[in-house]
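Below: sequence and its predicted model.
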Amino acid sequence: MRSLSDIAALEVKGFLAEDEGRRLYDLAREASALGPCLEIGSYCGKSSLYLGLGCKERGQVLFSIDHHRGSEEQQPGQEYYDPELFDARTGRIDTFRLFRATLDKAGLEETVVPVVSTSAVVARSWATPLGLVFIDGSHAIESVFIDYCAWSSHIMPGGFLAIHDIFPDPKDGGQAPYLIYQKAVGSGLFRELPRVNTLGILKRRKPGDLE
Ligand SMILES: C[S@@+](CC[C@H](N)C(=O)[O-])C[C@H]1O[C@@H](n2cnc3c(N)ncnc32)[C@H](O)[C@@H]1O
């Protein structure tokens, strides 16, 4: 894969709009000057493609965390269930096979590091400062708060926190991602950048930043 336009041609399953993906690519390129990037919620690799391409162009890596068993709303009978992702042998969702295939097709196997686990388990042993964290895992309120609390402190000054599915109006969607977005803004540690579609973007202030 050489360019952003090649990504669309791969037709990967996922929940990211193209404008959101392009912004993630730009952010990952910029953040890669600081350190590695990390996402929570790999699914079949759609966001990983955009973030991974940005990292690859700067010789950085993307850690991509997912237990690959699907979120609550992706289970059989739920709104976002996809029968193609159901593994009849185990009776569970398994997105890891497709995720690996995506990385292979895109030539990102040396850039994107799959971490097959829950976000909270990985966070317990994490110590590497990060240039960017993208939160797009479970949308259950407790999990979203764990993701924010466990990972935002690893973002380096000047680095980015991006959160997917920001819906200020409850009529448009679930409120958990928006609640942590507001918590991050209220902490004073981050500066808001313009939103792209449902992608909330915050930049970690450097010591002495006034604005
Ligand atoms: C909305 S999907 C991610 C979509 C993906 N970013 C994309 O661009 O298509 C959410 C993913 O988060 C994963 N997930 C849910 N809870 C998790 C947790 N606690 N730790 C790690 N992954 C989790 C699910 O398995 C699912 O694949």
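That came through fine.

switch to C-alpha atoms for all contacts and neighbour counts from now on
OK.

Which positions within stretch 73-81 qualify as buried?
Q74, Q75, P76, Y81 (16 or more other Cα atoms under 10 Å).

now, which of those residues lie close to the ligand?
Filtering those for proximity to the ligand by Cα under 6 Å from any ligand atom leaves nothing.

where along the protein do the helices fall?
Here the chain has its helices, by DSSP state H, at 4-9, 18-31, 46-57, 96-106, 119-124, 141-151, 176-186.

Could you show which parts of this protein are in contact with the ligand?
Within the chain, the positions near the ligand by Cα under 6 Å from any ligand atom are 14-16, 40-43, 45-47, 65-71, 117-119, 136-138, 143.

picking up where we left off before, want to throw the helices of the chain into JSON lines with mean pLDDT and mean neighbour count?
Shown next, in JSON lines, are the helices of the chain (pLDDT from 0 to 100; neighbours: other Cα atoms under 10 Å):
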{"stretch": "helix 4-9", "mean pLDDT": "84", "mean neighbour count": "13"}
{"stretch": "helix 18-31", "mean pLDDT": "97", "mean neighbour count": "21"}
{"stretch": "helix 46-57", "mean pLDDT": "97", "mean neighbour count": "27"}
{"stretch": "helix 96-106", "mean pLDDT": "97", "mean neighbour count": "17"}
{"stretch": "helix 119-124", "mean pLDDT": "98", "mean neighbour count": "15"}
{"stretch": "helix 141-151", "mean pLDDT": "97", "mean neighbour count": "18"}
{"stretch": "helix 176-186", "mean pLDDT": "98", "mean neighbour count": "18"}
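
Any chance of TSV for the ones you listed, columns distance to N197?
Shown next, in TSV, are those (distance: least, Cα to Cα, whole Å):
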stretch	distance to N197
helix 4-9	18
helix 18-31	7
helix 46-57	15
helix 96-106	24
helix 119-124	25
helix 141-151	20
helix 176-186	13
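
For the longest strand seen in the chain, name the packing helices and strands.
Assignment by DSSP state E gives strand 155-163 as the longest strand of the chain. Judged by 3 or more Cα pairs under 8 Å, 6 or more residues apart in numbering; DSSP states H and E, strand 155-163 is in contact with helix 18-31, strand 130-135, strand 199-204.
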